[in-house]
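**Student:** have a look at this fold, sequence not included:
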């Protein structure tokens with residue numbers, strides 16, 4: 001059974017940092033694109049960052065320069081380093097995965113582009 005489990009969320013003051021982790025299990029994710037999305041109350045789920053299995057990345061403009069995504073294929077884990085956090089970054093953060101096989105340039109930026117989702121981890125940034 002495929003599972004994605006996020007961790008690392010919490011409460012942080014504006015300007016602070018958090019590192020989210022997403023551990024994948026149930027099969028190898030070495031050929032997957034992995035993504036991070038977030039959803040604030042009353043808003044739609046939005047793309048934050050994605051990474052291919054060869055390490056190519058795509059970062060949303062709203063977090064560019066502050067957030068970075070990385071992965072460790074040996075551990076089936078993807079990370080989201082979040083720096084200079086702002087109150088508007090407050091949301092539930094979700095990890096997602098999709099098998100892109102040989103299409104190693106593909107990083108979907110919509111929820112429909114992913115097949116597997118975690119349960120989410122809450123990030124709250126206080127002002």
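**Tutor:** Received it, and whenever you're ready, just let me know what you need. Being a predicted model, the structure only gives us computed values, none of them experimental.

**Student:** okay, which residue is most central for the protein?
**Tutor:** Centroid-nearest residue in the chain: residue 36, 2.0 Å away (criterion: C-alpha atoms, centre = their mean).

**Student:** tell me the spacing between that one and residue 9.
**Tutor:** For residue 36, the distance to residue 9 equals 12 Å [C-beta to C-beta, to the nearest Å]. C-betas here are computed from N, CA, C, even on glycine.

**Student:** also residue 124?
**Tutor:** From residue 124 to residue 9 the distance is 8 Å (C-beta to C-beta).

**Student:** same deal with residue 65?
**Tutor:** Relative to residue 9, residue 65 is positioned 21 Å away (C-beta to C-beta).

**Student:** for the nearest residue to residue 109 once chain neighbours are set aside, which three-state class applies?
**Tutor:** Nearest non-adjacent residue to residue 109, counting by C-beta to C-beta, 6 or more residues apart in numbering: residue 47, 4.3 Å away. Secondary structure assignment for residue 47 (DSSP: H, G, I helix; E, B strand; the rest coil): strand.

**Student:** list the residues that contact residue 47.
**Tutor:** 35, 36, 37, 60, 109, 110 (C-beta atoms under 8 Å, 6 or more residues apart in numbering).

**Student:** out of those, who's nearest residue 43?
**Tutor:** Nearest to residue 43 out of the contacts of residue 47 is residue 37 (C-beta to C-beta; 11.3 Å).

**Student:** what's the burial count for that closest one?
**Tutor:** Counted with other C-beta atoms under 10 Å, the neighbours of residue 37 add up to 25.

**Student:** surely it and residue 93 touch.
**Tutor:** Yes: here residue 37 lies in contact with residue 93, judged by C-beta atoms under 8 Å, at a distance of 7.3 Å.

**Student:** hang on, the earlier thing: who has more neighbours out of residue 65 and residue 9?
**Tutor:** Neighbours per residue (other C-beta under 10 Å) separate residue 65 from residue 9, with residue 9 holding more: 18 against 9.

**Student:** what's the more buried one in contact with, if anything?
**Tutor:** 18, 20, 93, 121, 122, 123.

**Student:** could you give the bridge partners of the fifth one?
**Tutor:** On DSSP bridges, the residues paired with residue 122 through beta bridges are residue 92.
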